[in-house]
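just need the structure, nothing else, for what follows:
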Amino acid sequence: MRQTFVELGRVLESLPARPVRLIAVDGGAGSGKTTFATLLGQAMAVPVLQIDDFVSWLNLESWWPRFEAQVLGPLFRGEDLEFQVRDWVGDTYGEGLGDWKRVPWCETMILEGIGSSRMALADRLAYAIWVEAPEDPTRPSSLRGTAHALAPTCT
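Take a look at the predicted model:
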């Protein structure tokens with residue numbers, strides 16, 4: 001079944017918020033996650049939080065406590081978010097931090113990036129979407145990527 005981003009947004013907004021409705025957009029590198037999440041966020045008029053603001057390629061788990069403290073904790077308490085983003089320019093692979101980002105709390109938020117639907121989040125996600133890259137990268141960009149809705153993670 002094909003849906004527009006507006007139609008998908010309506011379906012997602014009908015899911016319960018406890019107190020936030022967190023939607024994950026996950027998939028492999030280069031699959032179109034960021035584009036998909038951006039278009040969905042625009043259609044729903046909601047913020048998109050990016051895992052790339054946190055992750056370190058040298059240690060794939062070290063960023064998680066900061067993410068819990070600076071994003072998930074406040075988010076599920078109904079508070080605005082204020083977090084320090086990764087410094088991808090000055091410390092490409094490490095754990096260096098850059099500027100602070102502030103994101104106002106919203107009842108629905110989209111979490112985008114590799115691992116955004118990880119098991120540690122399963123009980124807090126309202127819905128997860130998996131985006132796959134096409135086998136033929138020469139296809140026109142308007143036809144690239146396929147999104148698959150995963151089963152809702154809460155009722």
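
tell me where this protein has helices.
Here the chain has its helices, by DSSP state H, at 5-13, 33-44, 64-67, 73-76.

and the ones you listed, which is most packed in?
When the helices of the chain are scored by mean count of other CB atoms under 10 Å, the highest mean neighbour count falls to helix 33-44 (a mean of 20). C-beta coordinates here come from the backbone N, C-alpha and C atoms, glycine included.

which strands and helices sit next to that helix?
If you count contacts as 3 or more CB pairs under 8 Å, 6 or more residues apart in numbering; DSSP states H and E, helix 33-44 packs onto helix 5-13, strand 21-27, strand 48-50, strand 108-112, strand 125-132.

circling back to that earlier point, tell me which of the helices of the chain lies nearest to residue 21.
Shortest distance between residue 21 and the helices of the chain, using CB to CB, is found for helix 5-13: 7.1 Å.

now render the helices of the chain as CSV, adding mean pLDDT.
Below are these laid out as CSV (pLDDT from 0 to 100):
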stretch, mean pLDDT
helix 5-13, 91
helix 33-44, 94
helix 64-67, 92
helix 73-76, 96
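
any chance of a markdown table for the ones you listed, columns distance to residue 99?
Below are the helices of the chain laid out as a markdown table (distance: least, CB to CB, whole Å):
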| stretch | distance to residue 99 |
| --- | --- |
| helix 5-13 | 29 |
| helix 33-44 | 19 |
| helix 64-67 | 15 |
| helix 73-76 | 18 |
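
to residue 90, which of those helices lies closest?
Closest among those, using CB to CB: helix 64-67, at 17.4 Å.
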